[in-house]
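Q: coords please:
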Amino acid sequence: MTRRNEPLESLLGPLEQDVMEVVWRLGDATVRDVHGQLAAERSIAYTTVMTTMARLATKGLLQRDTAGLAHRYRPAVSRERYASATVSDVLSWLLDRYPEPAAAYLAEVVDDVDGVNLEELRAAVQRRRSAER
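A: Residues are numbered from 1 along each chain as shown. So this is what the prediction gives:
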């Protein structure tokens, strides 16, 4: 995944997210496959799906195979890797630019996530502050 100056630019829009969800689920898909899945839930033009998938390929999130008659697309990154990289980029950006409100928010919402409790988070913040001095 390419890294951009502003991580908010790398966030997927609602349609891009829906397209990626379908491709992640199918693993390998044509525009027709994705359009069929999305059209079952809402009215959407085939060309809109085609343009969105081409843009996702340009962004490096989809790999396009042009060998056959119909272009086939595969995820270039896993859903988990995309989610992890996006969360990391956005949180790092927020903590770098707005450290106090971002840290306060995290402290407010973090109770016990995968064994990380608030005291461990406070200790990690204190260690980082000490290292910066």
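
Q: only C-alpha atoms for contact and neighbour calcs from this point on.
A: Noted.

Q: state the distance from Leu11 to Ile44.
A: 21 Å (C-alpha to C-alpha, to the nearest Å).

Q: tell me which strands and helices whichever helix or strand Arg81 is part of is in contact with?
A: Secondary-structure assignment from DSSP states H and E places Arg81 in helix 79-97. Helix 79-97 sits against helix 99-109, with contacts defined as 3 or more C-alpha pairs under 8 Å, 6 or more residues apart in numbering; DSSP states H and E.

Q: chain center to the helix it packs on, what's the gap?
A: 22 Å (C-alpha atoms, centre = their mean, to the nearest Å).

Q: residue ranges with poor pLDDT in this protein?
A: 1-10, 111-118 (pLDDT under 70).

Q: ok, which stretches of it are strands?
A: 29-30, 62-65, 72-75, 112-113, 116-117 (DSSP state E).

Q: winner for burial among those?
A: strand 72-75 (a mean of 21; mean count of other C-alpha atoms under 10 Å).

Q: by contact count, what packs against it?
A: Secondary elements touching strand 72-75 (3+ C-alpha pairs under 8 Å, 6+ apart): helix 14-26, strand 29-30, strand 62-65.

Q: that strand pairs with which strands?
A: strand 29-30 (antiparallel), strand 62-65 (antiparallel) (DSSP bridges).

Q: domain map for the protein?
A: 11-75, 79-132 (automatic domain parsing).
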